[in-house]
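**Student:** Sequence below, structure please.
(one chain, ligands or ions: 1)
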Amino acid sequence: MTTTISPLIAGNWKMNGLRASLEEISALASLLTTGEAPRALVVVCPPATILHAVASSGATSGILAGGQDCHPAASGAHTGDISAGMLADAGAQFVIVGHSERRTQHGETDELVRAKAEAAMGAGLKPIICVGETESERDSGEAESVVARQLAGSIPDAGGQHEVIVAYEPVWAIGTGRTPTNEEIARMHASIRQHLVERFGEPGQTTRILYGGSMKPMNAREILSLENVNGGLVGGASLLAKDFYTIISAV
Ligand SMILES: O=C[C@H](O)COP(=O)(O)O
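**Tutor:** Residues are numbered from 1 along each chain as shown. Predicted coordinates:
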């Protein structure tokens, strides 16, 4: 991990979590406040229905809240959607955009992801912009070019002036228990770093690049110690406070 960048571990609860799940936030808060001080920023992105509660109850323990998606518009006739401003109003400081589940299940394009990231920055949120190749793209040797295209299309030009976070999530590693090798992760993160530096100059050197995809208590330490891995975007293992805390502690 690059030492000049403070690491960040974000939990993406996806469509999991009811009000009862706030017990996990309390449990995490108590682990974070009674154990060794975390060396990473800790973010939890719960469903929007409990976002405000997570932001409020996590405040004293340093747990920051994030949304899982936002609409590119500030308001209007968009039934079922949520704006970046609404997330900020509920206490969010971050928002995930362009997660592969949104790209696949909702047909989101790089252009739309970029618009969402712009809306997030406009509302004062830090966008966590996700990129990653499918298994067939990796098998055909296209992983780096696919990710480069997603980065170019999804990160706003203002990405050098506003804080953005990139999350590299190989689609085939999400929820499967499979991960790329350490060498493959390091190579991809180096290529993402190169893209950021070429495009944004100095700010690109300090942009956080998270790894996501089957990060677990067992493999977190190894992955988080790789060059240019500045934290993690954790799905399944963020649902249980104990597992998530183990990953946070692995930084
Ligand atoms: O946003 C999180 C990722 O999709 C990773 O999910 P996972 O840790 O369950 O594989």
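
**Student:** Show residues contacting the top helix by length along the chain.
**Tutor:** Secondary structure assigned by DSSP state H gives helix 182-200 as the longest helix of the chain. Contacts of helix 182-200 from elsewhere in the structure, counted by Cβ atoms under 8 Å, 6 or more residues apart in numbering, are 131, 143-144, 147-148, 151-152, 155, 159-160, 166, 168, 170, 179-180, 203-205, 207, 209, 211, 222-223, 226-229. For every residue, glycine as well, the C-beta is placed using N, CA and C.

**Student:** among the residues you listed, which ones are buried?
**Tutor:** Buried residues within the contacts of helix 182-200, defined by neighbour count using 16 or more other Cβ atoms under 10 Å: 131, 143-144, 147-148, 151, 155, 159-160, 166, 168, 170, 179-180, 203-204, 207, 209, 211, 223, 226, 228-229.

**Student:** can you count the residues close to whatever residue of the chain ends up closest to the ligand?
**Tutor:** Residue of the chain nearest the ligand, by Cβ to the nearest ligand atom: residue 235 (2.2 Å). Using other Cβ atoms under 10 Å, residue 235 has 22 other residues around it.

**Student:** Same check on residue 44?
**Tutor:** Residues near residue 44, counting by other Cβ under 10 Å: 27.

**Student:** Which SSE is immediately downstream of the longest helix of the chain?
**Tutor:** Once helix 182-200 ends, the next helix or strand along the chain (criterion: DSSP states H and E) is helix 202-206.

**Student:** what packs against that next one?
**Tutor:** In terms of contacts (3 or more Cβ pairs under 8 Å, 6 or more residues apart in numbering; DSSP states H and E), helix 202-206 is packed against helix 182-200.

**Student:** would residue 113 count as being in a strand?
**Tutor:** No - counting by DSSP: H, G, I helix; E, B strand; the rest coil, residue 113 is not part of a strand but helix.

**Student:** Please give me every residue in contact with the closest residue to residue 14 other than its chain neighbours.
**Tutor:** Nearest residue to residue 14, sequence neighbours excluded (Cβ to Cβ, 6 or more residues apart in numbering): residue 235, at 6.2 Å. Residue 235 makes contacts with 11, 12, 14, 174, 175, 212, as judged by Cβ under 8 Å, 6+ apart.

**Student:** most surrounded residue in those?
**Tutor:** Ranked by the number of neighbours (other Cβ under 10 Å), the contacts of residue 235 place residue 11 first, at 30 neighbours.

**Student:** Please say whether there is contact between the helix or strand that residue falls within and the ligand.
**Tutor:** Element membership of residue 11, judged by DSSP H and E, is strand 8-12. Yes - on the criterion Cβ under 6 Å from any ligand atom, strand 8-12 is in touch with the ligand at residue 12.

**Student:** How far away from the center of its chain is the helix or strand that that strand is followed by?
**Tutor:** Sequence order places helix 22-34 as the next helix or strand after strand 8-12, per DSSP H and E. Counting by Cα atoms, centre = their mean, to the nearest Å, helix 22-34 is centred 20 Å from the centre of its parent chain.

**Student:** Can you name every helix or strand that helix 22-34 contacts?
**Tutor:** Counting contacts by 3+ Cβ pairs under 8 Å, 6+ apart, helix 22-34 packs against strand 41-45, helix 51-58, strand 63-67, helix 241-249.
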